[in-house]
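In: structure for this input, please:
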Amino acid sequence: MADNPHWRSGSRALARYSHPVYSPSLIVSPLERPAWLSGRSRTVVVAISVLLAVAALLPWLITSGLSWYYHIDYDVYREGGRAFLEGQELYTRLYQVEGIDLPFTYPPLAAILFAPLAWIPLGLGSALLTVATAVALWWCVVLVVRHSLPEWSDQDHRVIATIVLPLALLAEPVRETLSFGQVNILLMTLVLTDVLARRTLLPRGVLIGLAAAIKLTPAVFILIFFVRRQWREAATTVASAVAVTLLAALISPQNSLTYWLDTLSDPGRIGGLAYAGNQSIRGMLTRLSDPEQTSSSLPWLVLVILALATIITAMVLVERTARNTDASPDLGLVLLASLAALLCSPVSWSHHWVWLVPFAVALAIAAWHAPKGTYRRLAFFLATGVTAVMLIGPHWLLPRTNDVEYDWPWWTQLLGNSYLVVAILILISALWAPSLMIPSRTGVEPETTARKVWSWVVLATFASLAVSLLVRIILGPL
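Out: Residues are numbered from 1 along each chain as shown. You can find the predicted model right below:
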């Protein structure tokens, strides 16, 4: 690294338009391992953390009346699986759960995978999902910590993840996931394992393809392979998603036709766009619009294209920074790609934002790892802000339901769209300091001229526009 001509290049004139440049000598040496990670102290800390995690999880397992906690979305999954087993139509009917009628909104493959749930008692099955979700969340934190602190041992990574778990279980997206019995954390686990795990039994890209076939939005993670020019992995992702989707079509052809030709283009089946829990760009625009008038989808499409262009640009900058600092960009790329799914989907319920947990962990380690100064302060601010927002869930502090969101005063919009605000701050920070997305290299930035950054923005904008037009042609009006 010391002889890398990249670090010797650059003139004073160019420096005015560049990111702050840190000497390679400021690449932080491996963090000193805390004493409490060894011996009896570690045992005590782990034991306390496990007890706290169990205490945080218990309300989602058993009610005060000592009966199983009811998870309404799990019940819908179970009924969808039952309908598949009985050869019924999945999408032309509603499922009565807890006295209300709800649709099944996932692709047919999901119903096939949910079919075994029909054979398990409702309470027991939902409890098993709750425990599996907590374990999966722990594993996601392990992967983030391992990638951020590669010089530490696997045991240290597991201990840190165990300590983080009780706090992570209190995050609003996680609480909502556990309350409803959602599968967002399980899907996040598939993606993070595919991208960050050292070794997997399956070729890289298969798990992302499977996640995309179960719930479409994980398809955006193919951007990681495009940015890294890993064409084989990108092809594997597409092939695996198509293969399991075709398999589902062979098993359940009528349901597949109904879903892909009709259900997919009806976002109204997922719920009211204006509801406070919808923390997507379209949710924000809907709440800002006049409910008496039919709103145009053009502003949404423009903002989606802008968001995609910004995210892709940030990903390119992170990849370039990692390449020039001998680090892996994978963690930063997967986190930034998650924002594409969250911001650009018509509906992103707050429980979809479980990706804020790995964001908070990565940013906290970046703050710990960075040299003193602007980078450490910025990383600390972001880590603290993300953690506070996801623990509080500010959008629930405002009036909601029955379309009262249309009447929110303008000054409450920051609270009402708090997850969007956090995402925007992260994106701006990633554009200015890409190494924030590489915790082991935070504070080390290669020179990046303003001209190059804007050229990437323009390129990403046109690429996003092309993809948006293609999706529009395939799916029709949204």
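In: any idea of the pLDDT on Thr461?
Out: On pLDDT, Thr461 comes in at 51.
In: please apply the same query to the one 5 residues further on.
Out: The model reports Ala466 with a pLDDT of 56.
In: not counting its neighbours along the chain, what's nearest Thr321?
Out: Pro434 (4.2 Å; CB to CB, 6 or more residues apart in numbering). Where you see a C-beta, it was placed from the backbone N, CA and C, and this is true even at glycine.
In: check Leu85 too.
Out: Ala115 (5.2 Å).
In: pLDDT below threshold where in this structure?
Out: By pLDDT under 70, the weakly predicted segments of the chain are 1-37, 267-271, 292-296, 440-478.
In: from memory the residue nearest to Thr321 sits against Arg320, does it?
Out: Yes - here Pro434 lies in contact with Arg320, judged by CB atoms under 8 Å, at a distance of 7.3 Å.
In: looking at those two, which one has more neighbours?
Out: Between Pro434 and Arg320, counted using other CB atoms under 10 Å, the more crowded position is Pro434 (30 against 18).
In: quick check on the residue nearest to Thr321: phi, psi?
Out: phi -60, psi -30 (degrees, to the nearest 10).
In: same check on the one 4 residues further on?
Out: The phi/psi pair for Ile438 (degrees, to the nearest 10) reads phi -130, psi 80.
In: distance check, it against Thr105.
Out: Distance of Ile438 to Thr105, computed by CB to CB, to the nearest Å: 36 Å.
In: show me which of the two is the more surrounded one.
Out: Ile438 (27 against 21).
In: now stretch 123-139: buried residues?
Out: Under the neighbour-count criterion of 16 or more other CB atoms under 10 Å, stretch 123-139 has Gly125, Ser126, Ala127, Leu129, Thr130, Thr133, Ala134, Ala136, Leu137, Trp138, Trp139 buried.
In: mind checking the end-to-end distance for stretch 222-242?
Out: 14 Å (CA to CA, to the nearest Å).
In: okay, buried residues for it please.
Out: Those would be 222-228, 230, 233-234, 236-238, 240-241, for stretch 222-242 by 16+ other CB under 10 Å.
In: can you check stretch 290-307 too?
Out: So stretch 290-307, judged by 16+ other CB under 10 Å, has buried residues Trp300, Leu301, Leu303, Val304, Ile305, Leu306, Ala307.
In: quick one: which helix or strand includes the fourth one?
Out: I take that to be Val304. helix 298-324 (DSSP states H and E).
In: centre of the chain to that helix, how far?
Out: Relative to the chain's own centre, helix 298-324 is displaced by 15 Å; criterion: CA atoms, centre = their mean, to the nearest Å.
In: next secondary structure after that helix?
Out: Using DSSP H and E, the first helix or strand after helix 298-324 is helix 330-344.
In: can I get that next one as PDB, trimmed to CA atoms?
Out: C-alpha atoms of helix 330-344 as PDB (Å, rounded to 0.1, in the frame of the first residue of the first chain):
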ATOM      1  CA  ASP A 330     -19.400  -6.500   0.300                       C
ATOM      2  CA  LEU A 331     -20.800  -5.300   3.600                       C
ATOM      3  CA  GLY A 332     -21.200  -1.700   2.400                       C
ATOM      4  CA  LEU A 333     -22.600  -2.900  -1.000                       C
ATOM      5  CA  VAL A 334     -25.300  -5.100   0.600                       C
ATOM      6  CA  LEU A 335     -26.400  -2.400   3.000                       C
ATOM      7  CA  LEU A 336     -26.700   0.200   0.300                       C
ATOM      8  CA  ALA A 337     -28.500  -2.200  -2.000                       C
ATOM      9  CA  SER A 338     -31.000  -2.800   0.800                       C
ATOM     10  CA  LEU A 339     -32.000   0.900   0.600                       C
ATOM     11  CA  ALA A 340     -33.000   0.400  -3.100                       C
ATOM     12  CA  ALA A 341     -35.500  -2.200  -2.000                       C
ATOM     13  CA  LEU A 342     -36.800  -0.100   0.900                       C
ATOM     14  CA  LEU A 343     -37.000   3.300  -0.800                       C
ATOM     15  CA  CYS A 344     -38.200   2.200  -4.200                       C
END
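In: and of the buried residues of stretch 290-307, the nearest to Thr92?
Out: Comparing the buried residues of stretch 290-307 against Thr92 with CB to CB picks out Trp300 as the nearest, at 28.1 Å.
In: before we move on, the earlier item: okay, the buried residues of stretch 123-139 in a markdown table with secondary structure and distance to Arg376 next?
Out: Converted to a markdown table, the buried residues of stretch 123-139 look like this (DSSP: H, G, I helix; E, B strand; the rest coil; distance: CB to CB, whole Å):
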| residue | secondary structure | distance to Arg376 |
| --- | --- | --- |
| Gly125 | helix | 46 |
| Ser126 | helix | 43 |
| Ala127 | helix | 42 |
| Leu129 | helix | 39 |
| Thr130 | helix | 37 |
| Thr133 | helix | 33 |
| Ala134 | helix | 32 |
| Ala136 | helix | 31 |
| Leu137 | helix | 27 |
| Trp138 | helix | 27 |
| Trp139 | helix | 28 |
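In: rewinding a little: list the ones among the buried residues of stretch 222-242 that fall in strands.
Out: Per DSSP state E, strands hold no members of the buried residues of stretch 222-242.
In: hang on, Pro173 in a helix?
Out: Yes - assessed by DSSP: H, G, I helix; E, B strand; the rest coil, Pro173 belongs to a helix.
In: these two touch, right, it and His352?
Out: Yes - between Pro173 and His352 there is a contact under CB under 8 Å: 7.2 Å.
In: anything in contact with each of the two?
Out: Listed as contacting both Pro173 and His352 by CB atoms under 8 Å, 6 or more residues apart in numbering are Asn184.
In: export stretch 93-100 to PDB, keeping only CA atoms.
Out: Extracted C-alpha coordinates of stretch 93-100, given in PDB (Å, rounded to 0.1, in the frame of the first residue of the first chain):
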ATOM      1  CA  ARG A  93     -59.900 -15.200  -2.100                       C
ATOM      2  CA  LEU A  94     -59.300 -13.600   1.300                       C
ATOM      3  CA  TYR A  95     -58.200 -15.400   4.400                       C
ATOM      4  CA  GLN A  96     -60.100 -14.900   7.600                       C
ATOM      5  CA  VAL A  97     -57.600 -14.400  10.400                       C
ATOM      6  CA  GLU A  98     -58.400 -13.000  13.800                       C
ATOM      7  CA  GLY A  99     -61.800 -11.800  12.600                       C
ATOM      8  CA  ILE A 100     -60.600  -9.900   9.500                       C
END
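In: would you mind measuring from the residue nearest to Thr321 to Tyr375?
Out: From Pro434 to Tyr375 the distance is 11 Å (CB to CB).
In: how about Ala274?
Out: 39 Å.
In: so between the two, which is more surrounded?
Out: The neighbour comparison of Ala274 against Tyr375 (other CB under 10 Å) goes to Tyr375, with 24 against 21.
In: for that one, helix, strand, or coil?
Out: Following three-state DSSP, Tyr375 is assigned to helix.
In: what's the answer for Thr401, then?
Out: On the basis of three-state DSSP, Thr401 is classed as coil.
In: with Thr245 instead?
Out: Relying on three-state DSSP, one would call Thr245 helix.
In: can you map out the strands along the stretch 51-200 of the chain?
Out: Listed in chain order, the strands of the stretch 51-200 of the chain (DSSP state E, counting those that start in this stretch) span 95-97, 100-102.
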